[in-house]
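Peer 1: Sequence and computational prediction follow.
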Amino acid sequence: MTEPDPVVILVEDLWKVYKLDEQEVEALRGVSLKVERNEFVAIMGPSGSGKSTLMNLIGCLDTPSSGVYRLNGKLVSSMTEDELAFIRNREIGFVFQVFNLLPKASAFRNVELPLIYAGMKKTEREDRARRALERVEMKARMNHKPAELSGGERQRVAVARALVNEPSLLLADEPTGNLDSRTGREILNLFHRIHDQGNTIIMVTHDREVADQAQRIIHIRDGQIEKDERKGA
């Protein structure tokens, strides 16, 4: 049995150019980076630096203007929209600053939803949803609707939904941005536990204190990697 490739993300000379009012804006300019399995990486940078553009490309929410992006060895930089949608559903879990939960559905149904889209059988998807909620310590609240949950509990449900497909990569965009500092620390502690269980995490943030929770901090400025810090290096 062959060992899985230790490299989850391989980006080589990635460019993203937007056309705005007949002008070209270079959001990313020749970014190259590698992320290995079970790394916990923070991407930092000021507003307009290109960090959100990089996250959108890594998350297969957008395609690069040029360059190469491989996710688990698959060349995703030249995939069609349908192929990208499949990769997003199977390989990547997303956690956003706004929780994006369906207000009329219970926590359980919100977590189960990606598996319905994936066409999974009812018994298996319900078992998976239950296990995902257990991982984030929300089993006791799984029948509550979002309005009946605190901000931290809603973010936990959003994390469970991101994990339910057992993705190879968890992408978090300002995951503590809408939370008070105590609740934010609880969510970051949850991320540490998920990382300890073997998940690869990339977290985009403008907050240095939040970024310091990661093993590695990639600083983006003017569409390029300015610095790549590794803890203990």
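Peer 2: Looks like it came in fine. All figures in this text were calculated on a predicted structure; none of them were measured in a lab. Residues are numbered from 1 along each chain as shown.
Peer 1: Nearest the middle, which residue of this protein would you pick?
Peer 2: Leu171 (0.8 Å; CA atoms, centre = their mean).
Peer 1: List the residues that contact it.
Peer 2: Counting by CB atoms under 8 Å, 6 or more residues apart in numbering, Leu171 touches Met55, Ile58, Gly59, Ile92, Gly93, Phe94, Val95, Ile202, Met203, Val204. Glycine gets a C-beta too; all of them are placed from N, C-alpha and C.
Peer 1: if we go to 7 Å?
Peer 2: Taking CB atoms under 7 Å, 6 or more residues apart in numbering, we find Leu171 in contact with Met55, Ile58, Gly59, Ile92, Gly93, Phe94, Ile202.
Peer 1: Is the closest residue to the last one other than its chain neighbours bridged to anything, and to what?
Peer 2: Just to be clear, that refers to Ile202. Nearest residue to Ile202, sequence neighbours excluded (CB to CB, 6 or more residues apart in numbering): Val41, at 4.9 Å. Per DSSP bridges, the residues bridged to Val41 are Ile202, Arg216.
Peer 1: on that earlier part again, of the contacts of Leu171, which belong to strands?
Peer 2: Under the assignment DSSP state E, the contacts of Leu171 contribute Ile92, Gly93, Phe94, Ile202 to strands.
Peer 1: Residue ranges in the chain under the pLDDT threshold?
Peer 2: By pLDDT under 70, the low-scoring segments of the chain are 1-4, 232-233.
Peer 1: quick one: the residue nearest to the centre of the chain and Leu57, what's the gap?
Peer 2: Using CB to CB, to the nearest Å, we find Leu171 at a distance of 11 Å from Leu57.
Peer 1: for the protein, what spans make up the helices?
Peer 2: Remark: helices of the chain, listed N- to C-terminal, are 51-58, 81-91, 107-117, 122-135, 151-163, 181-196, 208-211; assignment by DSSP state H.
Peer 1: For the last one, output the C-alpha coordinates as PDB.
Peer 2: It stands for helix 208-211. In PDB, the C-alpha atoms belonging to helix 208-211 read as follows (Å, rounded to 0.1, in the frame of the first residue of the first chain):
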ATOM      1  CA  ARG A 208      -1.600  38.800  14.600                       C
ATOM      2  CA  GLU A 209      -2.800  37.200  17.900                       C
ATOM      3  CA  VAL A 210      -5.000  34.800  15.900                       C
ATOM      4  CA  ALA A 211      -2.200  34.100  13.400                       C
END
